[in-house]
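Asks: got a sequence here, can you model it:
(4 chains)
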Number of protein chains: 4
Amino acid sequence: MRVAIAGASGYTGLELIRLVQHHPELELAAITSEQRAGVAAGDAFPGLRGLVDLPFESLDPASLAGRVETAFLCLPHGTSAAAVGPLRAAGVRVVDLGGDFRLRSMDDYIRWYGEHQAPELFGSAVYGIPELYRGDLAGASLAAAAGCYPTSALLPLLPFLREGRVATESIVVDAKSGVSGAGRTLADGYLFAELEGSPHAYKVGGVHRHVPEMEQEASVAAGEAIRLSFIPHLLPITRGMLTSVITRPRQALTTADAIAVLGEAYRDDPFVRVLPEGEFPTVAAVRGTNFCDVTAVSDERAGNLVLLSALDNLGKGASGQMVQCLNAMVGLDETTGLLLEPWLP
Amino acid sequence: MRVAIAGASGYTGLELIRLVQHHPELELAAITSEQRAGVAAGDAFPGLRGLVDLPFESLDPASLAGRVETAFLCLPHGTSAAAVGPLRAAGVRVVDLGGDFRLRSMDDYIRWYGEHQAPELFGSAVYGIPELYRGDLAGASLAAAAGCYPTSALLPLLPFLREGRVATESIVVDAKSGVSGAGRTLADGYLFAELEGSPHAYKVGGVHRHVPEMEQEASVAAGEAIRLSFIPHLLPITRGMLTSVITRPRQALTTADAIAVLGEAYRDDPFVRVLPEGEFPTVAAVRGTNFCDVTAVSDERAGNLVLLSALDNLGKGASGQMVQCLNAMVGLDETTGLLLEPWLP
Amino acid sequence: MRVAIAGASGYTGLELIRLVQHHPELELAAITSEQRAGVAAGDAFPGLRGLVDLPFESLDPASLAGRVETAFLCLPHGTSAAAVGPLRAAGVRVVDLGGDFRLRSMDDYIRWYGEHQAPELFGSAVYGIPELYRGDLAGASLAAAAGCYPTSALLPLLPFLREGRVATESIVVDAKSGVSGAGRTLADGYLFAELEGSPHAYKVGGVHRHVPEMEQEASVAAGEAIRLSFIPHLLPITRGMLTSVITRPRQALTTADAIAVLGEAYRDDPFVRVLPEGEFPTVAAVRGTNFCDVTAVSDERAGNLVLLSALDNLGKGASGQMVQCLNAMVGLDETTGLLLEPWLP
Amino acid sequence: MRVAIAGASGYTGLELIRLVQHHPELELAAITSEQRAGVAAGDAFPGLRGLVDLPFESLDPASLAGRVETAFLCLPHGTSAAAVGPLRAAGVRVVDLGGDFRLRSMDDYIRWYGEHQAPELFGSAVYGIPELYRGDLAGASLAAAAGCYPTSALLPLLPFLREGRVATESIVVDAKSGVSGAGRTLADGYLFAELEGSPHAYKVGGVHRHVPEMEQEASVAAGEAIRLSFIPHLLPITRGMLTSVITRPRQALTTADAIAVLGEAYRDDPFVRVLPEGEFPTVAAVRGTNFCDVTAVSDERAGNLVLLSALDNLGKGASGQMVQCLNAMVGLDETTGLLLEPWLP
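Replies: Okay, the predicted model is just below:
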């Protein structure tokens, strides 16, 4: 199956190039980048020399139409919406990483992002976490891969909400992200000399755009509207995301019980690894992979249930998830091309 | 005033050497280290060449007695308690960094640490956060400097507990520490190749020894017993600590109101800097200093009040705090020798 | 082809596990580790959960004999030599990463390493840089994969020595290594808190064990005995090696000419990427791969020719090279299983 | 003595603010920054809150004239030259960090930098390495503080050139710099995600602007024109510089002899620490300080003498050196305000 990657010179796009190269059923047919159009991949990124022969090209949905069956979009929101229409019209399957098609409510979209660029398509995408929407993804032609923060919070949290095990108020998500999540953005705060050794929180207080997405899916799972507190952090690491979700159990729950809930929920999900009691997720174990490691700790003294997860924000938090979505959409085993090992060390 | 540093070759001891050198009223008269006894400071640590002329010596309270007025103890708990008696008997003022004298309840001590090595002295120390116990420290002869995690959590939290602004249940402390907090410990997890890029939580679920200390002081402030959830993390940074404290306000509180509570509480505390709305604490701003930067964000959507702090675990979280305690004990201006700037960058 | 990895829990062993999993012709049949014998790979290294099912076992050449055709040895020198005999006697092909079989002169071996543990086998191995000894490796049953420093220095240097383009005296190798090259060694200098931000040279002055290996191969290429200066450095990075080789050209050489010499020498070597004028090797471009990027700069003002290279010390500097050697030994295309992309970023 | 720092919001300017605050004889009277004019220091850099009360102002030499006796200039070259005239005309002593006044030959200046902005002042500055030009600095009113690379190479090298101990051809300088040397420059290569783990060489081949400065001073010391090879590297560290200088001794020299040459040369220079045999410079030992640690290793096998140094590119490589120059100019003990300890760790 021939695929294109739009926005291929950004960090998520480069990771997709790597994943597509490993995928036995995919053939990389086109890569687009407005900034690097006309430049060979290996000239723009010396690490790709001898591995990828394609040049970057400018994004032209019409031109892609005849050449690929699927397009992965790693584009700024808005741009993404504008590209989906022509691609879909030309019969190209789309896996989008932008925020344009993740929300179910147009009101929410407008509040958090502004006007939508393709309102006629709004609502036509499947939310792209295969562990949640595997059935809907099968045969779908447009998937909106979930964001990194939502994936890291929802995977450990939803099983407890679905079963009504935890209170729906007072949920707190304290998340820590690697800086590649911000893309190749030229701003003081992303400079090595400024970020090294200096983690910090940002956009605290319910103002990060991933909030509505988390709340939407948490509400679906709980069957009632949920508002949660989200505290994102930037860490001096390149890849990886670590998340604590703190909840209040409705009835006392031991750590073993809580881990069993996770184990049961993800019994058939190879990319969600439930860690045994006494082990905590680390970024090293998931870096470069499509895994999300999760576990639970019952803090019975204080009456809280702490859920922990780790994933690679460019893997299960972005590009890996996109490939997993595609696998689910076209009926491949979801692990196809994705059982990659982390580098140790 | 002549001072000794016991355990001076560890990270907190080395930081104390630096601080004592900057302090206009202190003279470094002795440094002890069992491992490096007999070695000149500059031979053991080339960075000290040309700056510190003393050799390390083995800890001998009797020998110190005549030579110093004050001893800073950076010793393993237990060892610390055993040294305090002889030093106090000889009239030496002691600022201890161990856990031996921080708790008020012997039951708690035994539960968390085991048998006490100097029960006759238990209860005779002042808990060493000058912002809380300034009055008690004045003239005191034994201070138990608070731990890094408790300091980072208590400073932003206590003003709200004291005024009854937040609920006393469901308090969550999600803290992130630099690896120097673990000392120069030879274990796989502290190796560069294992920790670089790989943050992780540890000792989650109310099992970290700093929990009773945090709860003790939170309970005093609230006037009722408090149990809180503590989620410590290890980050791939050398120095620094970042803490989120999540609470539920009893009555709606705006961010401005909450910051005003902090501003009022620390109006006369030069080392607690209250950040204005829109700014978040960073490790870079406090690294190498005795500052604790704090702020508050009201997450009104979700009904939570998020408190954030940053400090240097070797500064305000350890050695800086010890010097500040001593300043308070002997009646010096608390900032004496401590208004050091962070390195930028 | 079934393979065993001996010493599989060290950094080079873990990297081999990853590479063998990617290799279409290899099946991982046994992994040994004295420290972790009896432990499942995924329990010892959570990153391997869901990917590697084998348990570690204690090294027993007799037991391996019937189960694998090839053994990769990532063992301390000495240990390695002792294992090779039984394995070879049992007909197992061996790719060794130790220093035991890299030298041609027993005198040199004894001077640099001490007594040899299997003198009867000394001299029976092929030096494991396929770009140099491809022909000898074909059909060989014992390869001694070259060290990381020698590979990084020899690949850019040898073409100039072979053609007599540079003087054979005054060659300087200034090399910078990631800390994974030291293995999972518990020593102060490898702790995150000690190494972060603090690169330094070590073993300067012709005392590093990789010196005789570099000089041996340089002498072969030049046709005369060569002594070179080697200045190894430890950098605060986990993986990667950057090397400058400074030589004096016998006749004026432009940068373009020098790059052409490299281009010609490695025309048919897919893992040696010759960078065009104006580009310099970076670790990011080779990390996680089997590539060695090289280039040359003629410093005509000063009359020197500067050769630069970058490789991953665990890739082309160790485990990748071992797999490439095996491919060459058994007649597979050398790139089989090895065309992996670096993570970007 | 009241001082101004022009260009105070850059990395070298911020470091100067820190050093001036430590200096018992200096009073910080003005800080300039075009980008941050009108902003209080603590608002622009939260780390300075509670420590520095001044606002940044736009650079206006006339306005500074009456307010300060000395101006430290941390300005882009060209800008620097334009400011020196008015400041000098107004009787303000100047310590300049730019390249404008470091070279002795106008031809060289034009070749490497282009047209000079204040040719009438060219030649009137003292080259700012007090260890070399202490006598000329005394009473001088314009010093051109040396660059970081030249300082790190010249301090270990010059004693051997002065005594004719090493050959004047084939000198190689392989230097490794922290990224703060590039300032707060917004370019891809300085982003955390691009630089972390990825050291690399740049501007190899005699094209870096610090080359003429190194050659100028080396030539003065040797009494003959010297051309050397310079290989600068960027390392993933924020502060610090590590340099190897490789030379060929004219007569055999042991390591002890070579170290004795250094010891003799710097007997009265407190900021040049000569390390004993067996120790190598590390960045950790000099970070945040004005020290330059040096040593020598005789590689008798290969006939080379290897000189090694470490300094902080913002300390002895920039702002520390500027303060040391000022101390020398006004007759203060050179160590005044500069005997700061590195952070350990």
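
Asks: residues near the closest residue to residue A:231 other than its chain neighbours, how many?
Replies: Using Cβ to Cβ, 6 or more residues apart in numbering or on different chains and skipping residues adjacent in sequence, the residue nearest residue A:231 is residue A:174, 4.6 Å away. Backbone N, C-alpha and C define where each C-beta goes, glycine included. Residues near residue A:174, counting by other Cβ atoms under 10 Å in any protein chain shown, number 28.

Asks: residue A:174 sits in which helix or strand?
Replies: Using DSSP states H and E, residue A:174 sits within strand A:171-177.

Asks: which residues are in contact with that strand?
Replies: With contacts defined as Cβ atoms under 8 Å, 6 or more residues apart in numbering or on different chains, strand A:171-177 is touched by A:148-149, A:152-153, A:157, A:199, A:214, A:218, A:226, A:228-235, A:240-247, A:313, B:172, B:174, B:176, B:199, B:231, B:233, B:244, B:246, B:302, B:304.

Asks: try 6 Å
Replies: For strand A:171-177, contacts defined as Cβ atoms under 6 Å, 6 or more residues apart in numbering or on different chains pick out A:149, A:153, A:228-233, A:235, A:241-247, A:313, B:174, B:244, B:246.

Asks: please name the nearest non-neighbouring residue to whichever residue of the stretch 1-150 of chain A sits closest to chain B.
Replies: Closest approach of the stretch 1-150 of chain A to chain B (Cβ to the nearest Cβ) occurs at residue A:111, with a separation of 11.7 Å. In space, and not counting its chain neighbours, residue A:111 is closest to residue A:212: 7.7 Å by Cβ to Cβ, 6+ apart.

Asks: does that neighbour count as helix, strand or coil?
Replies: Judged by DSSP: H, G, I helix; E, B strand; the rest coil, the three-state class of residue A:212 is helix.

Asks: pretty sure residue A:315 contacts residue A:289?
Replies: Yes - the criterion here is Cβ atoms under 6 Å, and residue A:315 meets it with residue A:289 at 5.4 Å.

Asks: quick one: which of those two has more around it?
Replies: Neighbours of residue A:315 and residue A:289, each counted by other Cβ under 10 Å, are more numerous for residue A:315; the result is 32 against 24.

Asks: list the contacts for that one?
Replies: A:289, A:290.

Asks: residue A:302 now?
Replies: Counting by Cβ under 6 Å, 6+ apart, residue A:302 makes contact with B:227, B:228, B:229.

Asks: same question, residue A:204
Replies: When contacts are counted by Cβ under 6 Å, 6+ apart, residue A:204 touches A:231, B:297, B:306.

Asks: can you tell me the closest non-neighbouring residue to it?
Replies: Closest residue to residue A:204 apart from its sequence neighbours, by Cβ to Cβ, 6+ apart: residue B:297 at 4.5 Å.

Asks: isn't there a strand covering the one you found?
Replies: Yes - counting by three-state DSSP, residue B:297 falls inside a strand.

Asks: hang on, it packs against residue B:255?
Replies: Yes - contact criterion Cβ under 6 Å: residue B:297 and residue B:255 qualify, at 5.5 Å.

Asks: out of those two, which sits in the more crowded spot?
Replies: Neighbour count, other Cβ under 10 Å: between residue B:297 and residue B:255, residue B:297 has more, with 25 against 19.

Asks: who's in contact with stretch A:95-103?
Replies: Contact with stretch A:95-103 is made by A:12, A:72-75, A:77, A:80-81, A:109, A:113, A:125, A:143-145, A:212-213, A:322, A:325-326, as judged by Cβ under 6 Å, 6+ apart.

Asks: close to chain B: what parts of the stretch 101-250 of chain A are there?
Replies: Applying Cβ under 6 Å from any Cβ of the partner chain, we find that the stretch 101-250 of chain A lies next to chain B at A:170, A:172, A:174, A:193, A:197-201, A:204-206, A:227-229, A:231, A:237, A:242, A:244, A:246.

Asks: what about the residues you listed, which are in strands?
Replies: If you go by DSSP state E, these have A:172, A:174, A:200, A:201, A:228, A:229, A:231, A:242, A:244, A:246 in strands.

Asks: what about the helices in chain A?
Replies: Under the criterion DSSP state H, chain A contains helices at A:11-22, A:41-44, A:61-65, A:79-89, A:106-113, A:130-137, A:148-162, A:192-195, A:210-222, A:255-265, A:320-330.

Asks: can you list those helices in a markdown table and add mean pLDDT?
Replies: Below are the helices of chain A laid out as a markdown table (pLDDT from 0 to 100):
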| stretch | mean pLDDT |
| --- | --- |
| helix A:11-22 | 98 |
| helix A:41-44 | 97 |
| helix A:61-65 | 94 |
| helix A:79-89 | 94 |
| helix A:106-113 | 96 |
| helix A:130-137 | 98 |
| helix A:148-162 | 98 |
| helix A:192-195 | 98 |
| helix A:210-222 | 98 |
| helix A:255-265 | 98 |
| helix A:320-330 | 98 |
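
Asks: of all these, which one comes closest to residue C:339?
Replies: Minimum separation from residue C:339 across these (Cβ to Cβ) falls at helix A:11-22, 8.0 Å.

Asks: tell me the buried residues in the closest one?
Replies: Using 16 or more other Cβ atoms under 10 Å in any protein chain shown as the test for burial, helix A:11-22 gives A:11, A:12, A:13, A:14, A:15, A:16, A:17, A:18, A:19, A:20, A:21, A:22.

Asks: check stretch A:64-75 too.
Replies: A:64, A:65, A:68, A:69, A:70, A:71, A:72, A:73, A:74, A:75.

Asks: how about the contacts made by the last one?
Replies: Meaning residue A:75. Shown in contact with residue A:75 (Cβ under 6 Å, 6+ apart): A:6, A:7, A:98.

Asks: ok, now how distant is the first one from residue C:164?
Replies: Think residue A:6. To residue C:164, residue A:6 is 52 Å away according to Cβ to Cβ, to the nearest Å.

Asks: surely the residue nearest to residue A:111 touches residue A:112?
Replies: Yes - in terms of Cβ under 6 Å, residue A:212 counts as a neighbour of residue A:112; the distance is 5.4 Å.

Asks: the more surrounded of these two?
Replies: Just comparing residue A:212 and residue A:112: by other Cβ under 10 Å the higher neighbour count belongs to residue A:212, 22 against 18.
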